[in-house]
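Participant: Would you be able to build a 3D model of this:
(one chain, ligands or ions: 1)
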Amino acid sequence: MPDLLIRNADLCLTMDDEGREIAGCDILVRGGVIAQVGPGLVGERAEIVDASGCLLTPGLVNTHHHLYQTLTRAVPGAQDALLFGWLRTLYPIWARFGPEEMHVSALVGLSELALSGCSLTSDHLYLFPNGARLDDTIAAAQEVGLRFHPTRGAMSIGQSQGGLPPDVLVEAEGSILDDCIRVIDTFHDPREGAMVRVGVAPCSPFSVSRELMRDAALLARDKGVMLHTHLAENNEDVAYSLERFGCRPGQYAEDLGWTGADVWHAHCVKLDEGEIGLFARSRTGVAHCPCSNCRLGSGIAPVRAMRDAGVKVGLGVDGSASNDLGNLAHEARQAMLLQRVAQGADAMSAREALWIATRGGAEVLGRPDCGCIAPGARADLALWDMSGIEAAGSWDRTALLLAGPSRVRDLWVEGRRVVADGRLITVDLPAILRRQGLLARKLA
Ligand SMILES: Nc1nc2[nH]c(O)nc2c(=O)[nH]1
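Facilitator: Next up, the predicted model:
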């Protein structure tokens, strides 16, 4: 791969330890890694990209998704329901998915993320009907070219056992753990610069047993991979925990080994002060999903309090059945706005929200090599054209989330271009959308 020289960005928001913002900035990339940052760089025989008129940021990091749900957007019976009713409506539809649905819906979700500036995403796939496998989504990520942290989710407690999902969607716990071992051994790459890292992710306290939570944690630690689940998403979720386990979600998580720097929980809308303290002390991460929390009426997560206490927070678009967008730049803006609704106009700045969407997400996913622009970091870069209508008249180019585009001009992952001039160049998006349309019509 030839060197890449991105030249003369109006401004570069590095998100490095010093928080540097560099005007007239060049970036030299060699072998997928940022080699130099600063004005006036020279790159003999490098591919040169003119970035004038643009803002350069690290690629955004998405810490929670259910990619398969792009095939069930705006399903009528699930448009106006709280979490449990929403899930009960959608489970029977998801039970008809198979490998092709998983693969195509993931191609769509990953493409949408890439166009919104996301270079690294996790995914939480927790149902495997009709021969579907985690492999189907990993293949999609490799085609689109995003850095990918798929998590092997699972449901094991069906309705007949007091859980929420129908029995047809749950798996035997032994087979779940066996498949976790298979996908870790096949795909997980622990090295710096890894393009695929696998996590272990039983779905939620109301769909798996205590034993599976405990065994999953033991397995993940044995294999050196991360743990992920849904936690304290709304009042129904907390009530289930109190009734069934006799404790709040944070206590449940701690008792079963689900706190630590290698764990991140999605949503956490209802964490109380004690649980926030627990997460801060234990370095447990949170995937904040503001649009989904609004859409499902779950509430406003106490992100200001979490950040003030020192909790690691990243952003997640969540699945497209509960967003229904999959645009991470839009999500970052929503995170900023929602904290202002809850706490006042100075509760979160546009810069802080962008930091959470980049460096914050990378911290949550255990990727110190990503999420910032500095020599030695991976070359995951998003270029935003500030000459268009969204930023016209803006006095502050750093305030991308107040006045700026929510789609990138260019995106590089590991130094390879994925989006060029606002178009995906790794996959044939119109063809993917045709396949997605056919599958959605078949399901409907
Ligand atoms: N927002 C979501 N919450 C969930 N909980 C659960 O068990 N599944 C989901 C989901 O798909 N989305």
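Participant: which residues touch the host helix or strand of T57?
Facilitator: Taking DSSP states H and E as the criterion, T57 maps to strand 54-58. Residues outside strand 54-58 that contact it (Cβ atoms under 8 Å, 6 or more residues apart in numbering) are 6, 9-15, 25, 27, 117, 119, 354, 358-359, 362, 370-373, 377, 380-387, 397-398, 400, 404, 409. Where C-beta positions appear, they are placed from N, C-alpha and C, glycine not excepted.
Participant: chain center to it, what's the gap?
Facilitator: 20 Å (Cα atoms, centre = their mean, to the nearest Å).
Participant: helix or strand right after it?
Facilitator: strand 60-62.
Participant: Now do that next one: which elements does it pack against?
Facilitator: Applying 3 or more Cβ pairs under 8 Å, 6 or more residues apart in numbering; DSSP states H and E, we find strand 60-62 packed against strand 118-125, strand 312-315, helix 328-343, helix 361-364.
Participant: Around the ligand, pick out the residues from the stretch 251-400 of the chain.
Facilitator: Taking Cβ under 6 Å from any ligand atom, the part of the stretch 251-400 of the chain that reaches the ligand is made up of S292, D318, G319, S322.
Participant: By neighbours, which of the residues you listed wins?
Facilitator: D318 (31 neighbours; other Cβ atoms under 10 Å).
Participant: Please name the nearest non-neighbouring residue to that residue.
Facilitator: Nearest residue to D318 in three dimensions, chain neighbours excluded: S292, at 3.5 Å (Cβ to Cβ, 6 or more residues apart in numbering).
Participant: again, but for L429
Facilitator: Nearest to L429 is S111, by Cβ to Cβ, 6+ apart, at 5.6 Å.
Participant: Give me the phi and psi angles of the one you found.
Facilitator: phi -70, psi -40 (degrees, to the nearest 10).
Participant: these two touch, right, it and V427?
Facilitator: Yes. Between S111 and V427 there is a contact under Cβ atoms under 8 Å: 6.5 Å.
Participant: Settle it for me: which of these two has more neighbours?
Facilitator: Counted by other Cβ under 10 Å, S111 and V427 do not tie: S111 has more neighbours, with 25 against 17.
Participant: Spit out the contact partners of the residue of the stretch 1-150 of the chain found nearest the ligand.
Facilitator: Distance from the ligand to each residue of the stretch 1-150 of the chain (Cβ to the nearest ligand atom) is smallest for H66, at 4.8 Å. For H66, the contact set (Cβ under 8 Å, 6+ apart) comprises D123, H124, L125, Y126, D318, G319, S320, A321.
Participant: ok, and the most crowded of those?
Facilitator: With neighbours taken as other Cβ under 10 Å, the top of the contacts of H66 is D318, carrying 31 neighbours.
Participant: Is that one in a helix, a strand, or coil?
Facilitator: Assigned with DSSP: H, G, I helix; E, B strand; the rest coil, D318 falls in the coil class.
Participant: I'd like the distance between it and P76.
Facilitator: Using Cβ to Cβ, to the nearest Å, D318 is found at 20 Å from P76.
Participant: contacting residues for the residue of the chain found nearest the ligand?
Facilitator: Using Cβ to the nearest ligand atom, S204 is the residue of the chain that sits closest to the ligand, at 3.6 Å. Counting by Cβ under 8 Å, 6+ apart, S204 makes contact with T229, H230, L231, E233, D237.
Participant: Also A377?
Facilitator: By Cβ under 8 Å, 6+ apart, A377 lies in contact with V33, I34, P58, D369, C370, G371.
Participant: Sitting in strands, which of those do you find?
Facilitator: Applying DSSP state E to these, the entries found in strands are V33, I34, P58.
Participant: re earlier: which neighbours in the sheet does the strand holding T57 have, and how are they oriented?
Facilitator: Strand 54-58 sits in its sheet next to strand 4-13 (parallel), strand 381-385 (antiparallel), going by DSSP bridges.
Participant: Regarding the closest residue to A78 other than its chain neighbours, what is its secondary structure?
Facilitator: Of all residues not flanking A78 in the chain, T89 sits nearest, at 4.3 Å (Cβ to Cβ, 6+ apart). On the three-state scheme (three-state DSSP), T89 is labelled helix.
Participant: who's in contact with T89?
Facilitator: Counting by Cβ under 8 Å, 6+ apart, T89 touches V75, G77, A78, A81.
Participant: need the next SSE after the strand or helix carrying the residue nearest to D318, C-terminal direction.
Facilitator: Secondary structure from DSSP H and E places S292 in helix 290-295. As assigned by DSSP H and E, the chain's next helix or strand after helix 290-295 is helix 303-309.
Participant: ok, residues contacting that next one?
Facilitator: Helix 303-309 is touched from outside by 268, 271, 273, 276-277, 279-280, 286, 288, 313, 335, 338-339, 342-343, 347-348, 352, 356, with contacts defined as Cβ under 8 Å, 6+ apart.
Participant: at 6 Å what do you get?
Facilitator: I276, A280, H288, V313, Q339, Q343, A347 (Cβ atoms under 6 Å, 6 or more residues apart in numbering).
Participant: and what of stretch 135-142?
Facilitator: Applying Cβ under 6 Å, 6+ apart, the set of residues contacting stretch 135-142 from outside is L67, P99, M102, H103, A106, L107, L110, D123, L125, F148, P150, F187.
Participant: The first one: neighbouring residues, count only.
Facilitator: When counting by other Cβ under 10 Å, one arrives at 31 neighbours for L67.
Participant: Same check on the second one?
Facilitator: For P99, the neighbour count with other Cβ under 10 Å is 16.
Participant: need the contact list for it.
Facilitator: P99 makes contacts with G131, A132, D136, as judged by Cβ under 6 Å, 6+ apart.
Participant: how near is the closest residue to the last one other than its chain neighbours to L134?
Facilitator: When the adjacent residues along the chain are set aside, D136 lies closest to M102, with 3.9 Å between them (Cβ to Cβ, 6+ apart). Using Cβ to Cβ, we find M102 at a distance of 9 Å from L134.
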